[in-house]
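Novice: No sequence on hand, only this structure:
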């Protein structure tokens, strides 16, 4: 239980408390925090006011800078964990945020490494593409020259035989005679 919850619990657990009972920083210091000075207790009260103003009523008194009294929602607030739960939730959220930032940093680092790898590979792929294009061009030129030199040589055609048509004698008989 943190100091803010201790102050709230002490104010609602006082059996002699009347509805208009107010507590000064000095009286809370005397009963709850003998090792603190009055300014430290005032600081704790101001933290309560800044974080959950609806938990306390503030009254101006002549003997102190101010006095406070609990409102009706203090008991349910403390039953739900109070400032201790709020602090734990904030700490848990901070831990989660830190873990997310670490993960984001790792992802950014991996992304940077991937981009560096891609740039190294990219250069090699471009160079390989240029070499393949040059080789393809050379092979095409050599193939074209080879075909051109074949076309310039006389082509020997086989001599064709002058064939005579074959005469076939057909005997056509008159079937009517």
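Specialist: Thanks, I have the structure now. Remember, it's a predicted structure, so these values are computed and weren't measured experimentally. Numbers count the residues shown, from 1 in each chain.
Novice: okay, CA-based contacts and neighbour counts for the rest of this
Specialist: Fine.
Novice: Run the chain-centre distance for the lengthiest helix in the chain.
Specialist: Looking across the chain with DSSP state H, the single longest helix is helix 82-152. Relative to its parent chain, helix 82-152 has a centroid offset of 20 Å by C-alpha atoms, centre = their mean, to the nearest Å.
Novice: Run through the neighbouring helices and strands of that helix.
Specialist: Contact analysis of helix 82-152 by 3 or more C-alpha pairs under 8 Å, 6 or more residues apart in numbering; DSSP states H and E lists helix 3-13 as its packing neighbours.
Novice: angle of the next helix or strand after the helix it packs on against helix 3-13?
Specialist: Per DSSP states H and E, the first helix or strand lying C-terminal to helix 3-13 is helix 25-32. Orientation check (axes from the mean of the first three to the mean of the last three C-alpha atoms, to 10 degrees): helix 25-32 against helix 3-13 gives 90 degrees.
Novice: which residue is nearest the middle of this structure?
Specialist: residue 104 (5.9 Å; C-alpha atoms, centre = their mean).
Novice: State the distance from that residue to residue 117.
Specialist: From residue 104 over to residue 117 the distance is 20 Å, taken as C-alpha to C-alpha, to the nearest Å.
Novice: Could you do residue 52 as well?
Specialist: From residue 52 to residue 117 the distance is 53 Å (C-alpha to C-alpha).
Novice: picking up where we left off before, and the longest helix of the chain, what's its mean pLDDT?
Specialist: For helix 82-152, mean pLDDT rounds to 89.
Novice: Also compute the angle for it relative to helix 3-13, please.
Specialist: Using the same axes, to 10 degrees: helix 82-152 against helix 3-13 is 140 degrees.
Novice: from the middle of its chain, how far away would stretch 47-65 be?
Specialist: The answer for stretch 47-65 is 42 Å, by C-alpha atoms, centre = their mean.
Novice: mean confidence score for that stretch?
Specialist: Averaging pLDDT along stretch 47-65 yields 87.
Novice: going forward can the numbers begin at 13, since that is how I track them
Specialist: New numbering, starting at 13: the last item is stretch 59-77.
Novice: domain assignment for this structure?
Specialist: For the chain, automatic domain parsing gives the domain ranges 15-92, 95-163.
Novice: Buried deepest among these, which one?
Specialist: Stretch with highest mean neighbour count among these: domain 15-92 (a mean of 15; mean count of other C-alpha atoms under 10 Å).
Novice: Could you tell me the end-to-end distance of it?
Specialist: One end of domain 15-92 to the other measures 16 Å (C-alpha to C-alpha).
Novice: Now do the same for residue 81: helix, strand or coil?
Specialist: Classification of residue 81 using DSSP: H, G, I helix; E, B strand; the rest coil returns strand.
Novice: and the gap between it and residue 33?
Specialist: 6 Å.
Novice: do the same with residue 25
Specialist: For residue 25, the distance to residue 33 - C-alpha to C-alpha - is 12 Å.
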